[in-house]
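Trainee: Whatever this is, show me its structure:
(2 chains)
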Amino acid sequence: MPTARAARSGSWPARLALLPLALTAVVAYLGSILWSLRVSFSASRTFPSDSWVGAAQYLRLFANERWLLSLQNLAVYGVLFVLACLLLGFLLALLIDRQVAGEGVLRAVFLYPYAMSFIASGAVWAWMLNPIQGVEAVGHALGWEAFRFDWIVDPDRVIYAIVIAAVWQAAGLVMALLLAGLRSVDADLWRAARIDGIPTWRIYVSIVIPQLGYSFATAAILLLTAVIKLYDAVVAMTQGGPGTASEVPAKFIMDHLYGRANIALASAASVMLLLTAIALVSPFLYARSRAAARGA
Amino acid sequence: MNRSPLAARVGMAAFLAVAAAFFLLPLYVMLVTSLKPLDELRAGALFAWPLAPTLAPWRTAWSEACTGVACEGVRAGFMNSLAIAVPSTLLAVGLGALNGYALALWRVRGANWLFGLLMVGAFVPGQVMLYPLVRALGTLGLVGSLPGIVLVHVVFSMPLMTLLFRNWYASLPTELFNAARIDGAGFWGVWTRVLLPMSAPMLGVAAIMQVTGVWNDYLLGLVFAGHDFAPMTVQLNNLINTSTGTRQYNVDMAATLLTSLVPLVVYFGSGRWFVRGITAGALKG
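Mentor: Residues are numbered from 1 along each chain as shown, chains lettered A, B, ... in the order given. Just a heads-up that it's a prediction; the model follows:
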């Protein structure tokens, strides 16, 4: 508890020092959220106006096919990306934890994509997945003529291509978080379970994994935050295409703010995106604080 | 811990080896593609080692490739990213350390409320704040300027930076703070003379997180940096998505590697510090 150890309250230098934080939190964060909220109830086009049109922009938004498609893409992407990252990250952490040799090298290899920008990783995956010169062509060159791997240009499958690139980039983050969680499991628990002759897989299922609740919730929070913000990777890999097949909400907002000069509709979309973020992340924040309270 | 049966250990090692190959594959493809002359970019040769390795694509990417209107390579973007990353890191880390110190060790009315608000801000998608911030900075004449983009980076990174240092200062022994207070040091004295010199590890971790975060940013650079200060990621995206002429994938991959160079050097050079930054920022919310 920070307050319990504070030496003195009401110090002026401390208040002065926190002024930039106060300005950032109140003006930049709260202020711009409220501003976007207000504009979403107006008829603003290129410039903000004081008009009031009630929920008209929201009705228009949910009648917009591009927006509905972008929501559907985000849902498919979000579910696949989060599950695949958690599963792959957990497997990697588990195996690194059991493996005796090469831990440092393996950790570095699995986490380096996370240090790169989405634009860079999008660029290399777009090159590898393009059907003319990429992996599909390698299959053909090896004599497998029927090999098809053209997801990135297939409107029905392009979102899976983006999932592949994103999982490659973020699975290492889950690995790092879960490995730290695995290492914090009490060694005495292991010893006791071993003396009782409990098989290893049983120890993991009954003792270790339940203790990883906090780490799993943390990983889920970070991944879901990244899902909501998905933009760069789409821009670099497909620019929303083919056609509008890989549209996502963040890109919808940017296009309507800039290209289409419809800031009221963009603001309504950004308010919806904010509500989605809150709805997705809060259960995990709650679960995590419960896990922390239990001392896990 | 126990030793698993031999078959299980072979199986685990095999899985890790396959996984490592999958993770390394894009890095390998970037590298070999960037060293191939254009005529070696044939169908089916994605994984092939270059027959006549050349650095020409790297030269083109650095100083000749078209990144929009101009055809001067990603060199200008590199300089812009550097000019943005250095002040953004110094300011954000310094402010984060000050915030963390004031929040963890001093009692200021309303501070916890402000901190809570700031933490909620960490989950707000940037798109929600973009347009209001563009308007606000526009009134100040700061859009498309270096101070403008630096300010925006400081604003967007403040939740993480503050959290890192708040946890760090809360974990230090209280005696240090109390002893300095008894010796008569005030708010600034305790921080600059006693606590800041002990904060080197966290300053390093925070700087690593911030440099890589700012360097890899695309959205803020696109909106706030304008043409004159467009960072390397914006130039890279312009380069790979320029539709005129034949796509020179070897140049694209050289530019991609050049753009990733700084964060990768920071990552491989800092070793476990990068991991420490991720876990310290993620845990103990």
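Trainee: Residues contacting the strand or helix carrying residue A:222, please?
Mentor: Using DSSP states H and E, residue A:222 maps to helix A:213-228. The contact list for helix A:213-228 (C-beta atoms under 8 Å, 6 or more residues apart in numbering or on different chains) reads A:74, A:77-78, A:81-82, A:85-86, A:89, A:166, A:170, A:173-174, A:177-178, A:180-181, A:249-250, A:273, A:276-277, A:280-281, A:284-285, A:287-288, A:291-292, A:294, A:296, B:122-123, B:125, B:282-283, B:285. The C-beta positions use only the backbone N, C-alpha and C, and glycine is treated the same way.
Trainee: For PyMOL, write the selection for the buried entries among those.
Mentor: Typed into PyMOL, the line below selects the buried ones among the contacts of helix A:213-228, using 16 or more other C-beta atoms under 10 Å in any protein chain shown:
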select buried, (chain A and resi 74+77+78+81+82+85+86+89+166+170+173+174+177+178+180+181+249+250+273+276+277+280+281+284+285+287+288+291+296) or (chain B and resi 122+123+125+282+283)
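Trainee: Of the contacts of helix A:213-228, which belong to helices?
Mentor: Judged by DSSP state H, helices contain the following of the contacts of helix A:213-228: A:74, A:77-78, A:81-82, A:85-86, A:89, A:166, A:170, A:173-174, A:177-178, A:180-181, A:249-250, A:273, A:276-277, A:280-281, A:284-285, A:287-288, A:291-292, B:282.
Trainee: What count of nearby residues applies to the nearest residue to residue B:165 once chain neighbours are set aside?
Mentor: Excluding its sequence neighbours, the residue lying closest to residue B:165 (C-beta to C-beta, 6 or more residues apart in numbering or on different chains) is residue B:100, at 2.5 Å. Residue B:100: 27 surrounding residues under other C-beta atoms under 10 Å in any protein chain shown.
Trainee: ditto for residue B:107
Mentor: Counted with other C-beta under 10 Å, the neighbours of residue B:107 add up to 19.
Trainee: got the buried residues for stretch A:82-97?
Mentor: Within stretch A:82-97, the residues that count as buried by 16+ other C-beta under 10 Å are A:82, A:84-86, A:88-97.
Trainee: With respect to residue B:215, which of these is nearest?
Mentor: Among the buried residues of stretch A:82-97, residue A:85 lies closest to residue B:215 (C-beta to C-beta), at 22.8 Å.
Trainee: quick one: contacts for the residue of the stretch 1-150 of chain A found nearest chain B?
Mentor: Per C-beta to the nearest C-beta, residue A:141 is where the stretch 1-150 of chain A lies closest to chain B, at 2.7 Å. Counting by C-beta under 8 Å, 6+ apart, residue A:141 touches B:43-45.
Trainee: Helices along chain B, start to end?
Mentor: For chain B, applying DSSP H gives helices covering B:6-34, B:56-63, B:75-105, B:111-121, B:126-139, B:146-171, B:174-182, B:187-189, B:200-216, B:219-224, B:232-240, B:249-270, B:272-282.
Trainee: Report the distance from the worst-scoring helix or strand of chain B on mean pLDDT to the chain centre.
Mentor: Least confident helix or strand, chain B: helix B:272-282 with a mean of 80, by mean pLDDT, DSSP states H and E. Between the centre of helix B:272-282 and the centre of its host chain there is 13 Å, according to C-alpha atoms, centre = their mean, to the nearest Å.
Trainee: Return the list of helices and strands in contact with it.
Mentor: helix A:103-111, helix A:158-183, helix A:213-228, helix B:146-171, helix B:200-216 (3 or more C-beta pairs under 8 Å, 6 or more residues apart in numbering or on different chains; DSSP states H and E).
Trainee: hmm, try it at 7 Å
Mentor: In this structure, helix B:272-282 makes packing contacts with helix A:158-183, helix B:146-171, helix B:200-216, judged by 3 or more C-beta pairs under 7 Å, 6 or more residues apart in numbering or on different chains; DSSP states H and E.
Trainee: can I get these in CSV with distance to residue B:137 and mean pLDDT?
Mentor: Converted to CSV, the helices and strands packed on helix B:272-282 look like this (distance: least, C-beta to C-beta, whole Å; pLDDT from 0 to 100):
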stretch, distance to residue B:137, mean pLDDT
helix A:158-183, 30, 95
helix B:146-171, 5, 95
helix B:200-216, 17, 94
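Trainee: Just want the residue of chain B that's nearest chain A.
Mentor: Per C-beta to the nearest C-beta, the residue of chain B with the smallest distance to chain A is residue B:44, at 2.7 Å.
Trainee: For chain A, give me the ranges with low pLDDT.
Mentor: A:1-10, A:295-296 (pLDDT under 70).
Trainee: Against residue A:209, how distant is residue A:195?
Mentor: Distance, residue A:195 to residue A:209, by C-beta to C-beta, to the nearest Å: 21 Å.
Trainee: Neighbour count: the two, which is higher?
Mentor: Higher neighbour count among residue A:195 and residue A:209: residue A:209, with 17 against 8, using other C-beta under 10 Å.
Trainee: Pop out the phi and psi values for the more buried one.
Mentor: With angles defined as degrees, to the nearest 10, residue A:209 sits at phi -60, psi -40.
Trainee: so what's it up against?
Mentor: Counting by C-beta atoms under 7 Å, 6 or more residues apart in numbering or on different chains, residue A:209 makes contact with nothing.
Trainee: ok so, going back, test my guess that the residue nearest to residue B:165 contacts residue B:171.
Mentor: No. At 10.8 Å, residue B:100 does not count as touching residue B:171 under the criterion of C-beta atoms under 7 Å.
Trainee: Check the gap between the closest residue to residue A:32 other than its chain neighbours and residue A:87 for me.
Mentor: Leaving out its chain neighbours, the residue that sits closest to residue A:32 by C-beta to C-beta, 6+ apart is residue B:132, at 3.5 Å. Distance from residue B:132 to residue A:87, counting by C-beta to C-beta: 39 Å.
Trainee: same question, residue B:113
Mentor: From residue B:113 across to residue A:87, the span is 39 Å (C-beta to C-beta).
Trainee: Run the chain-centre distance for stretch B:128-147.
Mentor: Chain-centre distance of stretch B:128-147: 21 Å, with C-alpha atoms, centre = their mean.
Trainee: Check which residues of it are buried.
Mentor: By 16+ other C-beta under 10 Å, the buried positions in stretch B:128-147 come out as B:128-137, B:142-146.
Trainee: got the residues of the stretch 51-200 of chain B near chain A?
Mentor: Within the stretch 51-200 of chain B, the positions near chain A by C-beta under 7 Å from any C-beta of the partner chain are B:95, B:98-99, B:102-109, B:111, B:114, B:117-118, B:121, B:123-133, B:155, B:158, B:162, B:170, B:174, B:177-178, B:181, B:186-188.
Trainee: For those, which ChimeraX command selects only the ones that are buried?
Mentor: A single ChimeraX command selects the buried members of those (16+ other C-beta under 10 Å):
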select /B:95,98,99,102,103,104,105,106,107,108,111,114,117,118,121,123,124,125,126,127,128,129,130,131,132,133,155,158,162,170,177,181,187
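Trainee: Is the residue nearest to residue A:32 in contact with residue A:35, as I believe?
Mentor: Yes. Counting by C-beta under 7 Å, residue B:132 does reach residue A:35; the two are 4.1 Å apart.
Trainee: can you count the residues close to residue B:38?
Mentor: Residues near residue B:38, counting by other C-beta under 10 Å, number 13.
Trainee: you'd agree it is up against residue B:248?
Mentor: Yes. Here residue B:38 reaches residue B:248: they are 6.3 Å apart, a contact under C-beta under 7 Å.
Trainee: I figured residue B:165 was touching residue B:94, is that so?
Mentor: No. Between residue B:165 and residue B:94 there is no contact under C-beta under 7 Å: 10.0 Å.
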